[in-house]
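>>> Any chance you can model this:
(chains A and B)
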Number of protein chains: 2
Amino acid sequence: MSATENRYLEVCFTPALIHLHDISNAVVVVIDVLRATSSMCVAFSYGVKSIVPVATIEESLAYKEKGFLIGAERNGEMLDGFDLGNSPFSYMDEKVRGRDIALTTTNGTQAMAAAKGAAQVVAGSFLNLDALCNWLKSQDKSVVLLCSGWKNSFNLEDTLFAGAVVAQLKPHFEMSQLRDAALAAEHLYNLAKDDIDGFLVESSHRKRLHKLQIDKDIEYCLTPNQSPVVPGLVNGALVDLLKM
Amino acid sequence: MSATENRYLEVCFTPALIHLHDISNAVVVVIDVLRATSSMCVAFSYGVKSIVPVATIEESLAYKEKGFLIGAERNGEMLDGFDLGNSPFSYMDEKVRGRDIALTTTNGTQAMAAAKGAAQVVAGSFLNLDALCNWLKSQDKSVVLLCSGWKNSFNLEDTLFAGAVVAQLKPHFEMSQLRDAALAAEHLYNLAKDDIDGFLVESSHRKRLHKLQIDKDIEYCLTPNQSPVVPGLVNGALVDLLKM
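Numbers count the residues shown, from 1 in each chain, chains lettered A, B, ... in the order given. Okay, here's the model as predicted:
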């Protein structure tokens, strides 16, 4: 990866700001660490064939009739009538191997939709940190790290992961190719990296999930490099780009 | 200032996200450290009577005919035909004493417009840090720190100032009344506070202004507590709320 002129490495803190970025020649990394993109990574490392991100509950149900497994989460909770939720552990199951899944979540799949128009959309989480960064280095393209946030507001956990990616990719860009949000995310990651869970203890979404008693999920989602996959959108469905 | 329930202390990183905040009972602090809100603070400490923030160049010119001094900046530069620019030093002049000013800037006055609907709009910069924080503590209201950013994108210098305010106000709020953006801003301020200019050296707007050779402006704008004023909107014009 050379420091090609006009490339850039940017962080977009919420889907509501994606229109400010020219993504037509960029790889957009959709980030929803707690928990959509983490679960997607686990799913592919357990042999899922494809994941179709869908916007609505109704759309998911239509996919069920086509033979898909369906997953859904709203406001942190799994929904009745669905095969899978948004917990990474629900994807650690032989039943998912070789299957196609339709998934809708509060923030993650909405961010996927916002990234429409990018040269390539991929999913990032701590679980695939190194695999993702190595793949990004091989692309020689601009990179926009799109944090899903919480209902279009900034959140810390997605920002910390964006900062982790900036830290790895920065040597492959000129400093002038990084804007302020990328610098801020990297600073925050450097502050947090020795104890990410501790750093997030005061964060609002962390507290929201804590109320739902999914501490085990959180601990797992913050553990780097458990799933060496790169989920990427191909014709509207995520597949593991490392297996293509 | 008590930790009244339902109050909150929030940071909004750009005017493009202000719609996510309920500002109807909040004080919104508009922040454009480099340089609009810094210049406003200087202006009031040099005896300006009022500043009307206006959106367009044309609107400013109409105020000139009403006897106002007019100030304008676009893309970091002063405009021909105007009495004042966006440099704090242009307001350190006896000619401004007792005068009314109409001011339009790239980001700062646009952020003022975005804050319409707040219980109170005030202007913040490092120059009035302590005066502003003391006034905010006396209000017992929710506070939204609205960073002007650069053309609706996140910027570091406004975020660092927002973090400086969070650091002072936090003891007067419950931790549950702070959301992630406020926590992030405070972390970044704590990292930067011993050498804010050094911390900003890599930042994009800092570099943009450096190209315009206004290092003296920047150094001044990052110096806390030079202007003990609280510019606040009253009937569409900013006045020093400490003199009312």
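
>>> got a list of what A:Q110 touches?
Residues counted as contacts of A:Q110 (CB atoms under 8 Å, 6 or more residues apart in numbering or on different chains) are A:P15, A:A55, A:S148. In this view, the C-beta of every residue, glycine as well, is placed from N, C-alpha and C.

>>> and with 6 Å instead?
The contact partners of A:Q110, by CB atoms under 6 Å, 6 or more residues apart in numbering or on different chains, come to none.

>>> How about A:V27?
Taking CB under 6 Å, 6+ apart as the test, what A:V27 contacts is A:Q120, A:Q139, A:K141, A:V143.

>>> what do you get if the cut-off is 8 Å, keeping everything else the same?
A:V27 makes contacts with A:A118, A:A119, A:Q120, A:V121, A:V122, A:L136, A:Q139, A:K141, A:S142, A:V143, A:V144, as judged by CB under 8 Å, 6+ apart.

>>> Not counting sequence-adjacent ones, nearest residue to A:M175?
Nearest-residue entry for A:M175: B:E202, 5.9 Å, with adjacent residues in sequence omitted and distances by CB to CB, 6 or more residues apart in numbering or on different chains.

>>> wait, the one you found sits on A:E174?
No. Between B:E202 and A:E174 there is no contact, the gap being 11.2 Å when judged by CB atoms under 8 Å.

>>> now the helices for chain A?
Chain-ordered helices for chain A, with DSSP state H as the definition, fall at A:36-45, A:57-65, A:108-114, A:129-137, A:156-169, A:180-192, A:196-200, A:204-211, A:215-221.

>>> Return the helix or strand in chain A with minimum mean pLDDT.
Lowest on mean pLDDT, DSSP states H and E among the helices and strands of chain A sits helix A:204-211, with a mean of 68.

>>> Distance of the spatially most central residue of chain A relative to chain B?
By CA atoms, centre = their mean, the mean C-alpha position of chain A lies nearest to A:I31, the distance being 2.9 Å. Distance from A:I31 to chain B, counting by CB to the nearest CB, to the nearest Å: 14 Å.

>>> And for A:N134?
25 Å.

>>> Out of the helices of chain A, indicate the one that is most buried.
Compared across the helices of chain A, helix A:36-45 shows the largest average neighbour count, a mean of 30 (mean count of other CB atoms under 10 Å in any protein chain shown).

>>> residues making contact with it?
Among residues not part of helix A:36-45, those counted as contacts by CB under 8 Å, 6+ apart are A:30-32, A:51, A:71, A:73, A:86-92, A:96, A:101, A:103, A:105, A:107-109, A:123-128, A:148, A:220-221, A:226-229, A:231, A:238-240.

>>> Produce a PyMOL select command limited to the buried residues of the contacts of A:V27.
Selecting in PyMOL just the buried members of the contacts of A:V27, where the criterion is 16 or more other CB atoms under 10 Å in any protein chain shown, is done with this command:
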select buried, chain A and resi 118+120+121+122+136+141+142+143+144
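
>>> so what's the residue nearest to A:M175 up against?
When contacts are counted by CB under 8 Å, 6+ apart, B:E202 is found next to A:M175, A:L178, A:L183.

>>> A:V229 is in contact with A:L129, isn't it?
No. With contacts counted by CB under 8 Å, A:V229 stays clear of A:L129, the gap being 11.3 Å.

>>> Contacts only, for the closest residue to A:S39 other than its chain neighbours.
Setting aside the residues directly before and after it, A:S39 is nearest to A:P88 in space (CB to CB, 6+ apart), at 4.8 Å. In this structure, A:P88 makes contact with A:R35, A:S38, A:S39, A:C41, A:V42, A:L127, A:D217, A:Y220, A:C221, judged by CB under 8 Å, 6+ apart.

>>> So of these, which two are at opposite extremes in space?
Of all pairs drawn from the contacts of A:P88, the widest gap by CB to CB lies between A:C41 and A:D217 and measures 13.2 Å.

>>> Now, of the contacts of helix A:36-45, which are buried?
Using 16+ other CB under 10 Å, the buried ones in those are A:30-32, A:51, A:71, A:73, A:86-88, A:90-91, A:96, A:101, A:103, A:105, A:107-109, A:123-128, A:148, A:220-221, A:226-229, A:231, A:238-240.

>>> Up against chain B, what does chain A have?
Within chain A, the positions adjacent to chain B are A:13-14, A:16-17, A:20, A:150-156, A:159, A:175-176, A:178-181, A:183-184, A:187-188, A:191, A:202-205, A:207 by CB under 8 Å from any CB of the partner chain.

>>> Where does the prediction get shaky in chain A?
Regions of chain A meeting the criterion pLDDT under 70 cover residues A:1-5, A:204-206, A:208-213.

>>> repeat that for 90
In the prediction, chain A carries residues with pLDDT under 90 at positions A:1-6, A:55-57, A:72-81, A:85-86, A:105-110, A:150-151, A:174-176, A:198, A:201-215, A:244.

>>> Could you list the residues in contact with stretch A:167-182?
Contacts of stretch A:167-182 from elsewhere in the structure, counted by CB under 8 Å, 6+ apart, are A:1-3, A:7-13, A:129-130, A:133, A:136-137, A:143, A:145, A:162, A:166, A:186, A:189-190, B:150, B:153-156, B:159, B:202-205, B:207.

>>> Okay then, goodbye and thanks.
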